[in-house]
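> 3D model of this:
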Amino acid sequence: MNKSVDAISTLNGPLCCPLTRSNLQLIDDHEEISALNRALNDGDLTLAAGKIPGGKIGGVLISSEGQHRYPVIDGVPCLFDDFRIVKQTENSSTKEVSLQMNDLQREQWELFSARYERWTGGPGGIITKVQEEFQRRNFEVLSNGMKGAVVLDVGNGGATAIEQLGPEVSNSLKAFYALDSSYPMLTRNNKNGNQILGDAKKLPFSDQSIDYVIVNNPLHHFGRHKDTDPAKMMKEFFKEVFRVSCN
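Predicted coordinates:
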């Protein structure tokens, strides 16, 4: 199996097409993927929202009906409507996707990172102590119930399971899936086999396939764009959370 998609085999059980909710089949045959990349380079195929600006497609997840194809870019399944692989004639020229932070995002992130480092103050800093206390309480409350559990972190932002739940709880999990709508944020701390690019309002997971869903910071993003209804988006999101959760 292609190394860049090797970890996807462990994800493929709970994953589903976000549009049809049908099963997904992983295609990683070298000749098929090479032909696909050639078609993308030649412009015969493209993404639903534009040309892939960077990254390498090492595999494709196809819905069971063969209707929708989603790329696995540098090991990350891109299960987003805008990332579907389509014919050039089906492309939406009004949209654009990016795998990189723009200059403003990068500047904001660098400023935030610098401030965060000052706030943490190293091992004895106040933020570090708050995180340690949060993880300790997580362990006391969740250690028994979450042993062997499947956890989905929506709006992950590049955090690891240890950062979110502490080492004791995270090491007891069956699986930890990190989902974010931003490729740069999702992969800012490097790539690993549990990351998924997806839409919080169309979670690419089968019904009742997740034991626990973590919702730490994504809610403030709803309704930030003009012509959106925050209340409607919230309802869509929580409907999806309850659909995929079995608790």
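
> neighbours of Ser206, just the number please.
Other residues lying near Ser206 total 17 when counted by other C-beta atoms under 10 Å. For glycine as for every other residue, the C-beta is placed from the backbone atoms N, C-alpha and C.

> tell me the spacing between the closest residue to it other than its chain neighbours and Pro167.
In this structure, Ser206 finds its nearest non-sequential neighbour in Cys16, 4.8 Å apart by C-beta to C-beta, 6 or more residues apart in numbering. Per C-beta to C-beta, to the nearest Å, Cys16 is found 31 Å from Pro167.

> also Ile214?
Relative to Pro167, and taking C-beta to C-beta, Ile214 is found at 16 Å.

> who has more neighbours out of these two?
Relative neighbour count places Ile214 above the other of Ile214 and Pro167, with 21 against 12, counting by other C-beta under 10 Å.

> can you pull the buried residues of the helix or strand hosting that one?
When secondary structure is defined by DSSP states H and E, Ile214 falls within strand 212-215. Buried residues in strand 212-215, counting neighbours by 16 or more other C-beta atoms under 10 Å, are found at 212-214.

> what's the lowest-pLDDT member of those?
Checking pLDDT across the buried residues of strand 212-215, the minimum falls on Ile214 at 86.

> wait, that residue sits on Ala159?
No - with contact defined as C-beta atoms under 8 Å, Ile214 does not count as touching Ala159 (9.4 Å).

> shared neighbours of those two, anything?
Both Ile214 and Ala159 are contacted by Asp153, under the criterion C-beta atoms under 8 Å, 6 or more residues apart in numbering.

> now do the helices in the chain.
With helices called from DSSP state H, the chain shows them at 8-11, 30-42, 103-120, 126-142, 161-165, 167-172, 183-186, 230-244.

> looking at those helices, which one has the lowest mean pLDDT?
Per-stretch averages of pLDDT across those put helix 8-11 at the bottom, with a mean of 52.

> the strand holding Ile214 pairs with which strands, and in what direction?
Applying DSSP bridges, strand 212-215 is found paired with strand 150-154 (parallel).

> which parts of stretch 238-247 are buried?
Within stretch 238-247, the residues that count as buried by 16+ other C-beta under 10 Å are 240-241, 244-245.

> now do the end-to-end distance for stretch 62-82.
Counting by C-alpha to C-alpha, to the nearest Å, the length from the leading to the trailing residue of stretch 62-82 is 15 Å.

> tell me which residues of it come out buried.
Buried residues in stretch 62-82, counting neighbours by 16+ other C-beta under 10 Å, are found at 62-63, 68-82.

> check what pLDDT Gly59 gets.
The predicted structure scores Gly59 at 91 on the pLDDT scale.

> neighbours of it, how many?
Here the count is done by other C-beta under 10 Å, and Gly59 has 24 residues near it.
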